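[1] pasting a predicted model and its sequence here:
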Amino acid sequence: AELTSEAEAVAPRISGAGGAIIVKGIHDVAVRFSKCCNPLPGDPIVGFVTRGRGVSIHRRDCINIQKMPQEERGRMIDAQWEAGSGSGWESYTADVKVFASDRRGLLTDVSRVFADADITIRSLNTKVSKQGMATLEMMFEVSGRRQLKQLIEKIRQIESVIDVERSTG
């Protein structure tokens with residue numbers, strides 16, 4: 001999507017940040033990141049014009065965007081990250097699910113990856129099935145997609161971890 005000269009960078013307030021979103025053809029509008037998919041700088045994104053709350057930014061692979069009724073799709077607009085977003089000190093909420101065979105020390109090993117990267121886990125929910133499969137749902141702050149990718153790669157190297165995936169809504 002090509003930007004017109006009317007496009008303007010809008011800096012949403014996200015954890016004291018400077019990551020800006022460019023929304024095609026809209027001026028002076030409130031922009032917020034949707035909590036269903038937590039877009040990060042570098043993610044392909046789309047804007048959704050809400051009723052009364054400005055533009056909500058979603059990842060293009062967000063389940064809510066994918067399942068949006070046809071009659072609502074006209075409210076979607078082009079959006080993209082401003083060059084340089086995610087390269088500074090701003091932070092963005094990310095959430096992942098970790099799937100693993102349960103074992104003693106699993107949570108310690110996963111937590112160590114975050115401690116070593118100096119990242120605070122904001123939320124953690126762990127469930128273990130009767131078959132011994134652990135699911136860890138985690139929410140934390142990262143500087144962008146690159147840092148998240150590095151974390152996921154390190155978590156995948158942990159003994160008994162089967163997979164790690166980002167939530168899509």
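    Done, it's in.
[2] residue contacts, the spatially most central residue of the chain?
    In the chain, the centroid-proximal residue (Cα atoms, centre = their mean) is N38; its distance is 3.0 Å. Applying Cβ atoms under 8 Å, 6 or more residues apart in numbering to N38 gives the contacts R59, Y92, T93, A94, D95, R166, S167. Every C-beta, even on glycine, is put in place using the N, C-alpha and C of the backbone.
[3] identify the farthest-apart pair in those residues.
    Using Cβ to Cβ, the pair of those lying farthest apart is Y92 and S167, separated by 13.6 Å.
[4] what about these two, which has more around it?
    Set side by side, Y92 and S167 show more neighbours around Y92, with 24 against 17, by other Cβ atoms under 10 Å.
[5] and the gap between the residue nearest to that one when sequence neighbours are not counted and D109?
    Nearest non-adjacent residue to Y92, counting by Cβ to Cβ, 6 or more residues apart in numbering: L40, 5.1 Å away. L40 is 24 Å from D109, where distance means Cβ to Cβ, to the nearest Å.
[6] likewise for P69?
    From P69 to D109 the distance is 43 Å (Cβ to Cβ).
[7] ok, those two, which is more surrounded?
    Higher neighbour count among P69 and D109: D109, with 16 against 6, using other Cβ under 10 Å.
[8] phi, psi of that one?
    phi -60, psi -40 (degrees, to the nearest 10).
[9] likewise the one 3 residues further on?
    Recorded main-chain torsions at R112 are phi -60, psi -40, according to degrees, to the nearest 10.
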